[in-house]
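>>> Turn this into a structure:
(chains A, B and C)
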Amino acid sequence: MAKLLRIRDLHLRFPTFRGTVHALNGVDLTLGAGQILGLVGETGSGKSMTAYATVGLVPPPGRITSGVIEWNGRNLLRATDAELQRLRGQEISMIFQSPRTSLNPLFSIAQQFEIYQRAHGQAKGAAARAQAHGMLERVGIPDPRRVLRSYPHELSTGMCQRILIAMALSGRPRLLLADEPTTGIDVTLQAQILRLVRELVASQNTATLLITHDLGVVAEICDRVAVMYAGRIVEEGPVERIYGDPRHPYTQGLIASTLRVDEQKPIHIIPGVVPNLLVPPSACMFRERCPIAAATCAQLEPPIVEVSLGQHARCHFAADTGAFAAAERQRAQLAGVRPQDLTV
Amino acid sequence: MRRYYTAYLFRRNPLSIVGLAIVVLFAIVAFAAPLLITHDPMQPISGNASRPPSAAHWFGTDGLGMDIYSRVVWAARIDMVVAFASVAIAILIGVLLGALSGFAGGMTDDLIMRALDSQQAFPSYILALAIVAAVGQSIPNIVFVVAFVNYPIYARLVRAQMLSVKESQYAQAARVLGNPWWRMVFRHLVPNCLGPIYVQGSLNAGLALLLAASLSFIGLGVRLPTPEWGLMVSQGARQLVFGEWWISVFPGAAIFLAVLGFNLLGDGLADIFDPKQR
Amino acid sequence: MRVLRYVSKRLLFLGPVLFGVVTVVFIVARMLPGDPVHLLAPRDADAQTLAVIRTELGLDKPILAQFARYLTDIGRGEFGRAIHTGNPVLVDIANRFPATLELTILGLSLCILVSIPLGVLAAVRRNGPLDHVSRLTSLLGVSMPSFWLALLLIYTFFFHLDLAPPPLGRGPIGFDPPRVTGMYTIDTLLAGDLAGFATVVHYLLLPVISLALINMAPLTRLTRASMIEVLGSDYVRYALAAGVPRRVVQFRLALKNALLAPITMIGILVGNLLGGAVIIETIFAWPGLGLWAVTAATQSDYAPVQAFALFAATTKVLVYLLTDLAYFAIDPRIRY
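Sure, this is the predicted structure:
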C-alpha cells in the first residue's frame, strides 16, 4: 500500500525553566492512503504533539530535535512556513476537542467559513456560500442557512464539531488529524460524530489519524491502532490483532484495564505512574511499571519486533506469548486473587 | 509553603526581588533619615539659593536655599508613611464594608454597592482634589483622602469572596453539620482574601504615593517647608525652564523609584497568588 | 431591536448612578469642619454678608431641604459663580472646555495610535527585541509620576533643544484665533490661517506628548497581554491548523478578539482623562478646565470645584456607557 505519511524517529523537546521535557522520544508511525489509524495512550504520552509536529504547529518553546516526517516522500521538517501553510487545510486538516472554543466567538459561521475558503483559494462570493451550505448539509446540519448566520455561542457543542469537520474536510484533504474529537461530547452524540467522520473520510478517501484515549472508539472505526507511551509508539498493528493478542505489556495492561459489561472480573490497574519526562528512563521506558521486566530492560533499548503480519511491538519479550500471562498469574496469586478470575 | 515564598518569588520573577529591595531600601531611609541627612531639611540657608549639586550639597539647593539631598531623604518619612498608612486604612475600611455587604446581602448590600458605584464614578484624582479642597490640606487629611478613594477596590474584592464562600459547598456542608456558616466564612474567607489583598496593597501603595505627590504638586497637599517629593518637584518646576534641573529631578526620581518598587513587588505577588494571570 | 433594548437598559442604570454622584458632591461640600457658607462665600465677607448668603443659599434650613434645593439648582443649571474669575460657573466651563477637549483628544489619540500597534506587534513577536523594549518602557512608564515626566520633557525639548515653546499656555501672549469651536487647531484652519495653525501645533506638542506618554504604558501592557492570550487560544490554533495564513490569523481573526480588553481600558482612560488633564494643564499653564478647577481649589473657591467634579463624573459615566456600546457592537455574546 502506498505510504502517505511516514514518521521516523521523531524527537521533540520542550525547554522549560525546570529542565528539558522529552516529549517525543523516537516516534515511528506510518499511515497509508485512506487508512484510519487510532493513536491511543495516556495524557502526556505525546499523541497530540505527534499530530502538531506533523503540520508544523508545535507550540513554542517546543523544538523538533531530530527525525523525519515524510509526506508523499517529501520531508516536512525541511519545508518552509509558506509550504506548510499551503499544506494545512488542503492536504492535511485537523480537528480538535473542545469544538466550541475552536470557533472564534466574534465571527459568524459564514464569516469563518469564508476566511478558510479564501485561505485555500476556493470559490468566492455566492459560489463559496453555496459550497459552505453544501458542506454543512453533508455533515448533517438540518438548517444550514440559519447556522451560517449564527455565532458559535448560539450553537451546541455537537453542532460546532460538525461545523469544524465540515470546514476541515471542505478542502478535500488527504489526511485528517482528529485530536480527541469526541472528548467532552455527549455519549449519544459521540457515536454520531464518529460515524460521520468515518463516512466522510471513506467517501473522500481521506486517511485519518484518530487521537483518543478511548479504546472503544478505536475499535469502532479504526483499521489500525498505535499505542503510545512516554513519547514512543510501543505497539502498532491491525485493530483485531492488537485487541486479540497484544504483545507489549503496556498494551496488555491498557486492554485489561478497560471495563467490559459482559465479563465479571476485577478492573485491572497498571501499577506505578507515567515516567517523569524531565528525566526519561534509559532503555525501556516502561520497565519500572512492567510486570515482566528483566535485567535486559534496563540495559538495552527494546527492539521493534514484528510479532505477526503488520503487528509490531517494542519489547524484548514481544515474541514470548507466555511471559505476560505467567507474570500476571504470579502477581495475582500474591494478591490473593483466584486464577479463574483472570482473563487475559 | 510560606517559607519558600522568597525563593519561589525569585525564580519566577527576579524583578519582584528588585522591587522588594527598593521598598525595603526606602523604608530604611525613612527610619534612618536623621542619621543620613547632611543639613537641616527645613532650614533655608540664606544666600545659598538654587545652587547646583556640589560637594557641600550633593543634590544642590532649592530656591529657598534648603539642601535638596536632606529634604529628599527626610521626605521619605512623609511619603512612605502616607503610602503605607493610606493603604492600611483603605484595606481596613474596604474589608469591613465588603464583609458587611457580602454578609448582610439584601438592602444593605445594595445600598453599599450603589454608594461604591457613585463614588467610583469620579476620576479618583478629581474626587481627591474636591475632598481636599473641602476638608483642608493637612497630612492626616491627605492620608484619609487617599485611603478614601482607594478603599472600594478592597470592598469589592472581599464582598465577592464573601459571596463565593457563602455559596460554596463547604459552607453548605457546614450548615448541614450544624456549624454556623459564618465560622466557615472566617476559616476560608481570610486565607482566600489575603493573597489578592497583598497584591492590590502593593500596587495600591504605588498609586497612593503618586496621588499624594500629585496633590502636593498642584498645591493641594503638604505645605512648605515640610519636605515632600511632589511638593519639591513643583518648587523646581518654574526654575526648570531656566535650566535649574536639580530642584525637580532628584525628588521626582525618588517618587519614580519608590513607585517602581511597589509595582515590581505587586507584579511578583500577583504572579505568586494568581499564576493564571500570565 | 436588540441595540435599543440594550441602550434603554443601560440608560436606566445611569439615573441612580448620576443621583449618587450628585449626592457624593453634596456630602463632600458639607464635609468641611466649619460652616459651608465660608466655602461658598468670598473669604473676606463680614458676618452680615454671611448671614445673607446663608439665607440666600438656604443653609439655615434642615439638611434634606438643603439637598432638595441643591438638586433643583443643578436641574436649573445653576452652579454658582467662580470667585476667582467672577463669572458664572457654566460660562467658565463653556469657555474653557474646548481647550481641555482639544488637548485630551489629541493626547489620547496619539496614545492609542502608538500603544495598540506596539502591544500587538510585541505580542506577535514575543520575546523579540521590540517586545523587550516595549515591556521595559511600559514597566518604567506605569511608575513615572506624570508631572515629573512632563517637566523632564520641558527641560529637554524647551531648555536644551529649543524644539518646543515655553510651557505657557496655548500660544504666545495675545495669540487669539477667531473663536468658532474654541479648539485652536480647528479655528485656525477654518480661518485659513496656516501660520497660526503651525503655532497652535507647536504649543500643543509637549502637552499632548506628555498626556499620551502617561497613558501609553498601561494600554500597551494590556494590549500585549490580551493579544498573547488570544494567540494561545483554541480558535487561533484551529485557524492555523486549517491553513489560514499566519498573518491573516493574527491580523484579521485574532486582532478583533484581542482588542476587546484594550477597548475597556481606553474607556477607563478616557473616563479619567480630566483627572490627568488637571496636572498637565497646571504644568503647561493650559487655560482649560483642570487649571481652572485647581486655581479655584487652592483659593477656597468651592463652586467651580464642585461643578468640575460633577462634570468629570458625568463624563466618566457617559464614556463608560459608550464603551459598553462599543463592546456590544463587537461581541455578539453580549445581550440584555
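>>> all helices for chain A, in order.
Taking DSSP state H to define them, one finds helices in chain A at A:47-54, A:81-87, A:99-102, A:109-119, A:125-138, A:144-149, A:157-170, A:187-204, A:215-221, A:239-244, A:249-256, A:295-299, A:321-334.
>>> Centre of the chain to the fourth one, how far?
The one in question is helix A:109-119. A distance of 27 Å separates the C-alpha centroid of helix A:109-119 from that of its chain, computed with C-alpha atoms, centre = their mean, to the nearest Å.
>>> likewise the longest one?
The chain centre lies 16 Å from the centre of helix A:187-204; the measure is C-alpha atoms, centre = their mean.
>>> I'd like to check the angle between it and helix A:157-170, please.
10 degrees (axes from the mean of the first three to the mean of the last three C-alpha atoms, to 10 degrees).
>>> how about A:N104, what does it touch?
By C-beta atoms under 8 Å, 6 or more residues apart in numbering or on different chains, the residues touching A:N104 are A:112, A:152, C:235, C:239, C:253, C:257. All C-beta atoms are positioned from the backbone trio N, CA, C, and that covers glycine.
>>> Also B:F122?
Neighbour list for B:F122: B:130, C:21, C:24, C:309, C:312-313, C:316 [criterion: C-beta under 8 Å, 6+ apart].
>>> For the residue of the stretch 1-150 of chain C found nearest chain A, which non-adjacent residue is closest in space?
Taking C-beta to the nearest C-beta, chain A has its nearest neighbour within the stretch 1-150 of chain C at C:R126, 8.0 Å off. Nearest non-adjacent residue to C:R126, counting by C-beta to C-beta, 6 or more residues apart in numbering or on different chains: C:I228, 6.4 Å away.
>>> Distance of the residue nearest to A:E306 when sequence neighbours are not counted relative to chain C?
Nearest non-adjacent residue to A:E306, counting by C-beta to C-beta, 6+ apart: A:H312, 5.4 Å away. The gap separating A:H312 from chain C is 29 Å, by C-beta to the nearest C-beta, to the nearest Å.
>>> Show the pLDDT at A:H312.
Looking at A:H312, its pLDDT reads 85.
>>> related to what we said a few turns ago, which of the contacts of B:F122 count as buried?
Buried residues within the contacts of B:F122, counting neighbours by 16 or more other C-beta atoms under 10 Å in any protein chain shown: B:130, C:21, C:24, C:309, C:312-313, C:316.
>>> All the helices of chain B, in order from the start?
So, for chain B - with DSSP H - the helices run B:5-12, B:14-31, B:33-36, B:68-104, B:106-120, B:124-135, B:139-167, B:169-176, B:181-217, B:229-240, B:246-273.
>>> And for the stretch 1-150 of chain C?
Assigned by DSSP state H, counting those that start in this stretch, the helices in the stretch 1-150 of chain C fall at C:2-29, C:36-40, C:47-57, C:63-75, C:89-124, C:129-143, C:146-154.
>>> any idea how far the residue in the stretch 1-150 of chain B that chain C sits nearest to is from chain A?
Proximity of the stretch 1-150 of chain B to chain C (C-beta to the nearest C-beta) peaks at B:S118, 2.5 Å away. B:S118 sits at a distance of 33 Å from chain A (criterion: C-beta to the nearest C-beta).
>>> shouldn't that residue be in contact with C:I27?
No - judged on C-beta atoms under 8 Å, B:S118 makes no contact with C:I27 at a distance of 10.0 Å.
>>> Can you give me the end-to-end span of stretch C:180-187?
6 Å (C-alpha to C-alpha, to the nearest Å).
>>> distance between it and the chain's centre?
Distance, centroid of stretch C:180-187 to centroid of chain: 19 Å (C-alpha atoms, centre = their mean).
>>> need the helices of chain B in TSV with mean pLDDT, can you?
Shown next, in TSV, are the helices of chain B (pLDDT from 0 to 100):
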stretch	mean pLDDT
helix B:5-12	59
helix B:14-31	88
helix B:33-36	83
helix B:68-104	89
helix B:106-120	87
helix B:124-135	87
helix B:139-167	87
helix B:169-176	71
helix B:181-217	80
helix B:229-240	86
helix B:246-273	87
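>>> Can you verify my assumption that C:P166 contacts C:F158?
Yes - the pair C:P166 / C:F158 is scored as a contact, 5.9 Å apart, by C-beta under 8 Å.
>>> who's more crowded, the two?
C:F158 (18 against 14; other C-beta atoms under 10 Å in any protein chain shown).
>>> So the more buried one is in contact with C:L168, correct?
No - applying C-beta under 8 Å, one finds C:F158 not in contact with C:L168, separated by 10.1 Å.
>>> what's near enough to touch residue 242?
All of this is about chain A. A:225, A:227, A:235-236, A:251, A:255, A:311.
>>> that answer is for a different chain, and I need it for chain C
By C-beta under 8 Å, 6+ apart, the neighbours of C:A242 are A:88-89, A:93-94, A:116, A:119, A:167-168.
>>> Closest residue of the stretch 101-250 of chain C to chain A?
For the stretch 101-250 of chain C, C-beta to the nearest C-beta, closest residue to chain A: C:G243, 2.5 Å.
>>> count of residues packed around the residue nearest to C:R126?
Neighbour tally, C:I228, other C-beta under 10 Å: 17.
>>> before we move on, what about B:V95?
20.
>>> try C:R246
15.
>>> surely it meets A:A82?
No - in this structure, C:R246 is not within contact of A:A82 by C-beta under 8 Å, at 9.6 Å.
>>> ok so, going back, and the residue lying closest to the residue of the stretch 1-150 of chain B closest to chain C once chain neighbours are set aside, how far from B:L97?
Excluding its sequence neighbours, the residue lying closest to B:S118 (C-beta to C-beta, 6+ apart) is C:G20, at 2.5 Å. Distance from C:G20 to B:L97, counting by C-beta to C-beta, to the nearest Å: 15 Å.
>>> that older thread, part of a strand, is the residue of the stretch 101-250 of chain C closest to chain A?
No - under DSSP: H, G, I helix; E, B strand; the rest coil, C:G243 falls outside any strand and is assigned coil.
>>> Report the central residue of the chain.
Unless you meant another one, I'm taking chain A. A:I211 (2.1 Å; C-alpha atoms, centre = their mean).
>>> could you do chain C instead?
C:L273 (1.7 Å).
>>> now it, nearest residue through space, not along the chain?
Per C-beta to C-beta, 6+ apart, closest to C:L273 is C:T104, 4.6 Å.
>>> In terms of pLDDT, where does the one you found sit?
Note for C:T104: predicted pLDDT of 92.
>>> contacting residues around the nearest residue to B:A160 once chain neighbours are set aside?
In this structure, B:A160 finds its nearest non-sequential neighbour in B:G102, 7.5 Å apart by C-beta to C-beta, 6+ apart. Taking C-beta under 8 Å, 6+ apart as the criterion, B:G102 is in contact with B:109, B:158-163, B:166.
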